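Undergrad: My questions concern the predicted model and sequence given below.
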Amino acid sequence: MRQLRKWHSLCRQTNRVVYNKYINQTGHMSTATLESRKIADRATILTEALQVDFNRRGSTLDTKFVATTARKYIKISMINNQESVHAFIDRKTGDVFKPASWRGPAKIVRYNLLDEVSYGQCLARADWAGGYLYMR
């Protein structure tokens, strides 16, 4: 209790906030936050690339590709008269997985969205049917 009083009196004397180990002193975003934002942006770009590829095929179906964020993965789904999972993306690492089921990905990583070369290959090979997610 004494330490808390000292801290409050010090704040009043100096008219500024005293930083401790629980308050971020720099005010800048952490690298983890920047990476997660980069992964989310690249997942959106991948979703748009899949939509462009589908529309280029000239199909008359009203189909949309949607990225949904969950606790651990970003799920890319294809929605027409039903919904099917297209791919999973790990929110922390940026790894792209082929879906094993509706709820989870397969074990083997197909691409990484943080690696520039892998990201470029993913966008170049991306097709609406998911053929780029099979092992070569």
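TA: Good, I have the coordinates. Everything quoted here is computed from the prediction, not taken from an experiment.

Undergrad: the longest helix in this structure is where?
TA: When the chain is parsed with DSSP state H, its longest helix is helix 31-56.

Undergrad: For that one, the averaged confidence score.
TA: Helix 31-56 shows a mean pLDDT of 91 in the predicted model.

Undergrad: which residues does Ser84 contact?
TA: Ser77, Met78 (Cβ atoms under 8 Å, 6 or more residues apart in numbering). Yep, even glycine has a C-beta here, placed from its N, CA and C like the rest.

Undergrad: Relative to Asp90, how far out is the residue nearest the centre of the chain?
TA: Note on the chain: the residue nearest the mean C-alpha position is Ala40, at 3.4 Å, using Cα atoms, centre = their mean. Using Cβ to Cβ, to the nearest Å, Ala40 is found at 12 Å from Asp90.

Undergrad: ditto for Lys64
TA: As defined by Cβ to Cβ, Lys64 lies at a distance of 23 Å from Asp90.

Undergrad: Quick check, Ile76 in contact with Ala67.
TA: Yes. Using Cβ atoms under 8 Å, Ile76 makes contact with Ala67 at a distance of 5.2 Å.

Undergrad: Looking at these two, which has the bigger crowd around it?
TA: Legend: neighbour count by other Cβ atoms under 10 Å for Ile76 and Ala67, higher for Ile76 (22 against 19).
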